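[1] Structure for the following, please:
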Amino acid sequence: MAPSLVTSYAVYANASNTTTLTTTTFTPSNGEVLVVKLATWDTAVSMGAPTGGSQTFTSRNIVAPGGFNNWCGIYTAVVSGSPVNMTVSSTPSATSWHSMVVERWSGATLAASPAVNATTSGTGTCSTTLTTTAANSVVSWTSADASDKDPSTRAYLSSATEDGLQDGHVGNNMVAYYAYQSAATAGSQTMGLSAPTPQTWVLAGIEVKAAATASGPIKPLSQYTGFF
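    This next block holds a predicted model:
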């Protein structure tokens, strides 16, 4: 069975500043996979490693190609220690427009080195691929467009579901997209948008795998000696 999205939290800076982004308070279950997707308007401005709930967040995919581009990044954590209430926060390294989406996935797991996309930036249509390694995975991603095209015509590839949009195209500020999609079989997954175009885009994606389920034959009670 594929991972299930418990909920996601989108947080946006309302100006070019150094404001720390913080989710609302939530209570996760042990074993949930947290995917923290981040973006800034400036390729030279990174978002700091997320903090919250005494959890350990690991950097998985950082895209900072330099030049006239945005910055995108993905961090993950597997919830442990039964936090009662927690938030997730991240702070930019300098003044910039910036945003964050935090996803909570149940029935999920991560590879030691999760699959990520190899091609991370380009111009024209925002489209790249990620090769998943297992069936029934989810591919979660974020992209940002330095050309700040009006996102009102946005159309996601591979039937992706949007779970965040920072629309700063008025004033040529920041446009960032946040989405996830199902990957029923292992192999190449196309991510991105067919519109608007052309974009000057960066994109970071990651595979979230389905948790393993116990399997095997059920033994008859007669084989369990000494327990009754």
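
[2] okay, now the residue nearest to P198 when sequence neighbours are not counted: neighbour count?
    Spatially, and ignoring its direct neighbours in sequence, P198 is nearest to G124 (4.7 Å; Cβ to Cβ, 6 or more residues apart in numbering). C-beta coordinates here come from the backbone N, C-alpha and C atoms, glycine included. Close neighbours of G124, defined as other Cβ atoms under 10 Å, add up to 10.

[3] Check N14 too.
    9.

[4] what sits against it?
    Listed by Cβ atoms under 8 Å, 6 or more residues apart in numbering, N14 has no contact partners.

[5] at 10 Å what do you get?
    Contact analysis of N14 by Cβ atoms under 10 Å, 6 or more residues apart in numbering lists 97, 166, 168.

[6] Report pLDDT for it.
    Here the pLDDT value assigned to N14 is 89.

[7] mind starting the numbering at 19 from now?
    Got it, the first residue is 19 from now on, which makes the last one we talked about N32.

[8] Quickly note the distance from it to S114.
    To S114, N32 is 13 Å away according to Cβ to Cβ, to the nearest Å.

[9] remind me which residues of the protein are low pLDDT?
    Within the chain, the stretches with pLDDT under 70 are 232-246.

[10] so the residue nearest to P216 makes contact with A213?
    No - the criterion here is Cβ atoms under 10 Å, and G142 misses it with A213 at 11.7 Å.

[11] how far does stretch 106-113 sit from the chain's center?
    Relative to the mean C-alpha coordinate of its chain, stretch 106-113 is positioned 16 Å out (Cα atoms, centre = their mean, to the nearest Å).

[12] Stretch 209-223 too?
    Relative to its chain's centre, stretch 209-223 lies at 15 Å (Cα atoms, centre = their mean).

[13] Next: stretch 146-166.
    8 Å.

[14] Could you do stretch 71-90 as well?
    On Cα atoms, centre = their mean, the centre of stretch 71-90 falls 11 Å from the chain's centre.

[15] how long is it from one end to the other?
    The first and last residues of stretch 71-90 sit 23 Å apart, counting by Cα to Cα, to the nearest Å.

[16] so the nearest residue to T76 once chain neighbours are set aside, which of the three states?
    With Cβ to Cβ, 6+ apart as the criterion, T76 has its nearest non-adjacent residue at 5.7 Å, and that residue is T94. Secondary structure state of T94, per DSSP: H, G, I helix; E, B strand; the rest coil, is strand.

[17] thought T94 was touching R122?
    No - T94 is not in contact with R122 according to Cβ under 10 Å; the separation is 11.4 Å.

[18] Same drill for these two, tell me which one is more crowded.
    Between T94 and R122, counted using other Cβ under 10 Å, T94 has the larger neighbour count: 25 against 21.

[19] show me the contacts for the more buried one.
    Per Cβ under 10 Å, 6+ apart, neighbours of T94: 51-55, 68, 73-79, 121, 123, 126, 128, 132, 158, 224, 226.

[20] And for V106?
    V106 neighbours (Cβ under 10 Å, 6+ apart): 27, 29, 39-42, 44, 46, 52, 54, 68-71, 73, 75, 93, 95, 118, 120, 122.

[21] Relative to Y196, which of the contacts of N32 is nearest.
    Q184 (8.2 Å; Cβ to Cβ).

[22] Please identify the helix or strand for that closest one.
    Following DSSP states H and E, one finds Q184 within strand 179-185.
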